[in-house]
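**Student:** Have a look at this prediction, sequence included:
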Amino acid sequence: MGWKAAQKVFKQWKILRGDKVMVMAGKDVGLTGTIQKVIRSQNRVIVEGRNLVKKHLKRTEQNPGGIVTMEAPLHVSNVQLVDPVNGAPVRVTYRYLEDGTKVRVSTGGSASGSIIPRPAILRERRKPRSLEVGTRDTPKEIVLEKTLDPSAGRPGLPQLFQ
């Protein structure tokens, strides 16, 4: 048992980090939880408090070692989003509103057809951008310098092509 690459990595993911999902297969069938992590390279997700396994950790300087209970990844096909209106597991499709925004809509047998909002946790970045200027950053004066004058034409080309 170890890391194994997915046979076919899904391009379009409809399940995002922070979504409320229901486990459809495995030992936690019918239980709901929140997506903690999405592992796109393996087509797997980690659901908070579900698919718990015991892992034996070796003792290190930072870690006392022993047996630790942790969440194991589930395949994305074994979880379904929960409808925000009635709490039933549903499939998801994308639709466009009148103003042009792309939204997720619940579909399927017991779906209410309501809009599934994007999780609020996705609004914040996991790794915040550094705002301080580093040694390898281009200075602001050079970035804002105007280097092309369209009225002057292109140098090196005959007048015929300008």
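**Tutor:** Cool, the structure landed. Numbering: from 1, shown residues only.

**Student:** And stretch 49-61, what's buried?
**Tutor:** By neighbour count with 16 or more other Cβ atoms under 10 Å, stretch 49-61 contains the buried residues 50-51. Backbone N, C-alpha and C define where each C-beta goes, glycine included.

**Student:** give me every residue that touches the closest residue to R59 other than its chain neighbours.
**Tutor:** Excluding its sequence neighbours, the residue lying closest to R59 (Cβ to Cβ, 6 or more residues apart in numbering) is G65, at 3.1 Å. Contacts of G65 were listed using Cβ atoms under 8 Å, 6 or more residues apart in numbering, and they are 57-59.

**Student:** Could you dump the residues you listed into TSV with distance to Q80 added?
**Tutor:** Formatted as TSV, the contacts of G65 follow (distance: Cβ to Cβ, whole Å):
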residue	distance to Q80
L57	32
K58	37
R59	40
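
**Student:** List just the nearest of those to L74.
**Tutor:** Nearest to L74, judged by Cβ to Cβ, of the contacts of G65 is L57 at 21.5 Å.

**Student:** what's L97 in contact with, if anything?
**Tutor:** V103.

**Student:** Name the residues of the helix or strand bottoming out on mean pLDDT in the chain that come out as buried.
**Tutor:** One helix or strand of the chain scores below all others by mean pLDDT, DSSP states H and E: helix 140-144, with a mean of 89. By 16+ other Cβ under 10 Å, helix 140-144 has no buried positions at all.

**Student:** Likewise for stretch 92-111?
**Tutor:** 92, 104-106, 108, 111.

**Student:** pLDDT on that stretch, on average?
**Tutor:** Stretch 92-111 shows a mean pLDDT of 92.

**Student:** go on, stretch 4-22?
**Tutor:** On average, stretch 4-22 scores 87.

**Student:** Over to stretch 147-156?
**Tutor:** 69.

**Student:** same thing with stretch 34-50?
**Tutor:** The model assigns stretch 34-50 a mean pLDDT of 94.

**Student:** Export only the CA atoms of that stretch, formatted as PDB.
**Tutor:** Extracted C-alpha coordinates of stretch 34-50, given in PDB (Å, rounded to 0.1, in the frame of the first residue of the first chain):
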ATOM      1  CA  THR A  34     -16.800  18.100   5.000                       C
ATOM      2  CA  ILE A  35     -14.000  17.800   2.400                       C
ATOM      3  CA  GLN A  36     -10.700  18.700   4.100                       C
ATOM      4  CA  LYS A  37      -8.400  18.100   1.100                       C
ATOM      5  CA  VAL A  38      -8.700  17.300  -2.600                       C
ATOM      6  CA  ILE A  39      -5.900  15.100  -4.100                       C
ATOM      7  CA  ARG A  40      -6.500  15.700  -7.800                       C
ATOM      8  CA  SER A  41      -3.500  13.600  -9.000                       C
ATOM      9  CA  GLN A  42      -5.100  10.500  -7.400                       C
ATOM     10  CA  ASN A  43      -8.800  11.400  -7.900                       C
ATOM     11  CA  ARG A  44      -9.300  11.200  -4.100                       C
ATOM     12  CA  VAL A  45     -10.600  13.400  -1.300                       C
ATOM     13  CA  ILE A  46     -10.200  13.400   2.400                       C
ATOM     14  CA  VAL A  47     -13.500  13.800   4.300                       C
ATOM     15  CA  GLU A  48     -13.300  15.200   7.900                       C
ATOM     16  CA  GLY A  49     -14.000  12.500  10.500                       C
ATOM     17  CA  ARG A  50     -14.700   9.700   7.900                       C
END
